[in-house]
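>>> Take this sequence and fold it.
(one chain, ligands or ions: 2)
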Amino acid sequence: MKVGFFGGTFDPVHKGHVIMVEDAIRLGHLDRMLVVPAGRTVHKPADRVSSAGMRYMMCYMAFTDVRRVEVSRIEVLREHGSYTIDTLRELKATLTGKDRLYMVCGADILFDILHWRSPEAILREIRILASLRPGHDRIEMESRAHELRKRFGADITFFEARQADVSSTAVREAVEHSLAITEMVPPAVDRFIRMAGLYGVDDPLESLDLDQQERLRAAERVLLAHMDPERLSHSLLTMTTAARLAADHGQDVYSAALAGLVHDCAKHLPPDDAIRYVDPGDAATLAEPQLYHGPAGAALAPAWFGIRDPLVLDAIRYHATGRSDMTWLDLVLYLADKAEPSRTYLGSDAVFEQARKDLAGAFLFSCEGLQEHLASRGKTMHPDTNAAIERLERSQLH
Ligand SMILES: [Fe+2]
Ligand SMILES: [Fe+2]
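Residues are numbered from 1 along each chain as shown. Ligands and ions are numbered 1, 2, ... in the order given. Here you go, the predicted model:
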């Protein structure tokens, strides 16, 4: 089987990437393709590049409908930056003797590759499948390939991909200037960029210092190791929504972002496992297995993410129910979880808009909807939610 490796920063992935991958497969050069978003980028400062989770998510969305393509987490899971040769060798080791690994790239890479780490090893060990674009000078490319073949025994094949006049830089600039990017990226990526507020001018996460960004990225790696794409997307969007709400209310953006990112960290645990973390006297929670992940997440977050801040841990514990004495972060996380932009129930936008102005009011408003929803299914409100409503209603009267 011919397996392609297509690596990059993908910040963001765009239609040019998708077309190149589609054409490499369509033209019969490959049977299978691994798209590999880079983890920590070796050449670019970390705070200039979107997080690995965000870039992975966009790649996942861009390629989810493209047959024979898989988006790999091999690099985004790494704590330290990695060089292409290391990833290629690691991938090669997982293939069978009959498989052949090809590095897929733009043909202009041939002029650049000698500046990479261990270029000789790449050229000797890995086949190269280089896409020629209409702008490329074919003769120049061929003569360069000839030279590399002669010097290193390189195996280079060219293929002609359709043209797509787009770059990640152009996408980022368009978003920054509030221009449409419909022509530049797949629709799902367009939606995700807007939902997560990526590349925008007033991203509250930009205000975090390097150490805080680093800690968020470390937490994200833990989630990347076990979360499915859907839950990861929800976690990232809860993070950006919580950060936005904290910024709107002049509260600590970092705590909100961290709580938003990890709040569902225990959701993959089987109920039999998660129930151990529920207070044995809390009959109402014990009766609802889908609520176990709140207390379980709060109990596991110190070990998994090094979180010790009781404000953050309590917000995780009560994120699905609320509680009598809700802190600002309890409210922010509860609302961000309920109203992050991929939520599609009726009224989620209104909850978010109200939360930007009035957290307590938005909580009470969202509970009205919840009450109706539960009543329609013959269920009643959790006592902690009732306690929260009572308390907030009383405080609003004063
Ligand atoms: Fe949850
Ligand atoms: Fe959630």
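>>> Next SSE downstream of the biggest helix by length in the chain?
Identified as the longest helix of the chain according to DSSP state H is helix 229-248. From helix 229-248 onward toward the C-terminus, using DSSP states H and E, the following helix or strand is helix 253-262.
>>> For whichever helix or strand comes after that following helix, name the packing helices and strands.
Next helix or strand after helix 253-262 toward the C-terminus (DSSP H and E): helix 271-274. Helices and strands touching helix 271-274, by 3 or more CB pairs under 8 Å, 6 or more residues apart in numbering; DSSP states H and E, are helix 293-305. C-betas here are computed from N, CA, C, even on glycine.
>>> Can you give me the neighbour number for whichever residue of the stretch 151-300 of the chain sits closest to ligand 2?
Ligand 2 sits closest to D264 of the stretch 151-300 of the chain, with a gap of 4.4 Å, by CB to the ion. Residues contacting D264 under the criterion other CB atoms under 10 Å number 22.
>>> Which helix or strand contains R151?
Assigned by DSSP H and E, R151 falls in helix 138-152.
>>> Can I get that helix in PDB, CA atoms only?
Listed next in PDB are the C-alpha coordinates belonging to helix 138-152 (Å, rounded to 0.1, in the frame of the first residue of the first chain):
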ATOM      1  CA  ARG A 138       8.700  22.400 -14.700                       C
ATOM      2  CA  ILE A 139      12.200  22.300 -16.200                       C
ATOM      3  CA  GLU A 140      13.700  24.000 -13.200                       C
ATOM      4  CA  MET A 141      11.900  21.500 -10.800                       C
ATOM      5  CA  GLU A 142      13.000  18.500 -12.900                       C
ATOM      6  CA  SER A 143      16.600  19.600 -13.000                       C
ATOM      7  CA  ARG A 144      16.500  20.100  -9.200                       C
ATOM      8  CA  ALA A 145      15.000  16.600  -8.700                       C
ATOM      9  CA  HIS A 146      17.700  15.200 -11.000                       C
ATOM     10  CA  GLU A 147      20.400  16.800  -8.900                       C
ATOM     11  CA  LEU A 148      18.900  15.400  -5.600                       C
ATOM     12  CA  ARG A 149      18.500  11.900  -7.200                       C
ATOM     13  CA  LYS A 150      22.100  12.000  -8.200                       C
ATOM     14  CA  ARG A 151      23.500  13.300  -4.900                       C
ATOM     15  CA  PHE A 152      21.300  11.400  -2.400                       C
END
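>>> Show me what counts as buried in that helix.
Residues of helix 138-152 classed as buried: 141, 144-145, 148, 152 (neighbour count, 16 or more other CB atoms under 10 Å).
>>> Which residues does that helix contact?
Contacts with helix 138-152, where a contact means CB atoms under 8 Å, 6 or more residues apart in numbering, come from 107, 110-111, 113, 119-120, 123-124, 130, 132, 154-156, 158.
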